[in-house]
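In: give me the fold of what follows.
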Amino acid sequence: MSSSTDGVTLNVSDGTTMSAYVARPKSGTPTAGMLVFQEAFGVNAYMRDVTDRFAALGFLGIAPELFHRTGPGFEGSYTDFGAVRPHMAALSTDGLNADIDAAYNWLRGQGVDAPRIGAVGFCMGGRVAYMANARVQLGAAISFYGGGIVPDLLPLAQAQRAPILMFWGGLDEHIPPEQYRAVADALTAAKATHEQVVFSQADHGFFCDARASYNEIASRQATALVNAFLDVYGLL
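Out: The predicted model follows:
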């Protein structure tokens with residue numbers, strides 16, 4: 001199943017507007033919805049491709065531009081993190097929660113039932129997927145190498161609503177083992193349903209084939225695990 005794409009503009013509760021990339025199954029009615037939360041480099045070609053992949057599985061996918069307050073349309077280079085820093089520094093928990101709400105409510109407005117909505121995020125978006133799972137009713141959440149959860153967002157482990165699948169890179173110097181173990185321990189203590197997968201030979205950003213850190217073996221395994229996870233919890 002291929003996909004068709006377009007864009008939408010969402011009204012956010014803080015009075016701002018946020019553009020979002022939308023991908024739909026090319027034929028048939030979407031069977032579920034997927035919130036796709038960006039890396040720090042914007043809703044770029046890679047993030048649009050990820051959203052398209054979910055649409056090809058039957059999802060109505062939406063990738064909101066989380067930098068809409070400081071850099072609407074921003075697409076950064078993977079070799080120039082300096083250009084990303086001002087946008088990252090301007091993010092706030094309240095703002096991200098408002099963005100989560102806007103994208104989620106748009107999916108609900110398209111007729112997608114709450115238990116049929118999933119969230120997936122990468123890098124900073126992995127943190128946002130974890131935040132979303134504590135804020136709105138989802139059927140499943142997936143976080144790829146979500147940095148910044150420790151220490152401030154660890155209390156959200158108590159609020160996780162749906163099963164969450166989390167991926168980490170064993171070679172990731174940005175998120176050392178003590179951090180992802182702290183996340184796993186907090187979720188276990190909260191009795192949250194979670195799965196933790198560490199790819200020993202993978203670095204940060206291993207899933208992105210546009211980055212130097214891309215790891216094909218880890219990416220292929222992660223894809224299979226994501227599909228199985230979504231299938232088990234009724235989204236596929």
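In: can you pull out the low-pLDDT segments for the chain?
Out: 1-2 (pLDDT under 70).
In: list the buried residues in stretch 42-49.
Out: When neighbours are counted by 16 or more other Cβ atoms under 10 Å, the buried residues of stretch 42-49 are found to be 42-44, 46-48. C-betas here are computed from N, CA, C, even on glycine.
In: got a list of what Leu35 touches?
Out: 62, 64, 100, 103-104, 107, 117-121, 129, 132 (Cβ atoms under 8 Å, 6 or more residues apart in numbering).
In: redo that, cut-off 10 Å
Out: Residues in contact with Leu35, defined by Cβ atoms under 10 Å, 6 or more residues apart in numbering, are 20, 51, 54, 59, 61-64, 99-100, 103-104, 106-107, 117-121, 125, 128-129, 132-133, 136, 138, 141.
In: could you list which of the residues you listed belong to helices?
Out: Judged by DSSP state H, the subset of these located in helices is 51, 54, 99-100, 103-104, 106-107, 125, 128-129, 132-133.
In: need the strands for the chain, in chain order.
Out: 3-11, 17-25, 32-37, 59-64, 117-122, 140-144, 164-169, 194-199 (DSSP state E).
In: so which of the ones you listed gets nearest Asp231?
Out: strand 140-144 (9.9 Å; Cβ to Cβ).
In: show me what that closest one packs onto, helices and strands only.
Out: strand 32-37, strand 117-122, helix 124-135, strand 164-169, strand 194-199, helix 216-232 (3 or more Cβ pairs under 10 Å, 6 or more residues apart in numbering; DSSP states H and E).
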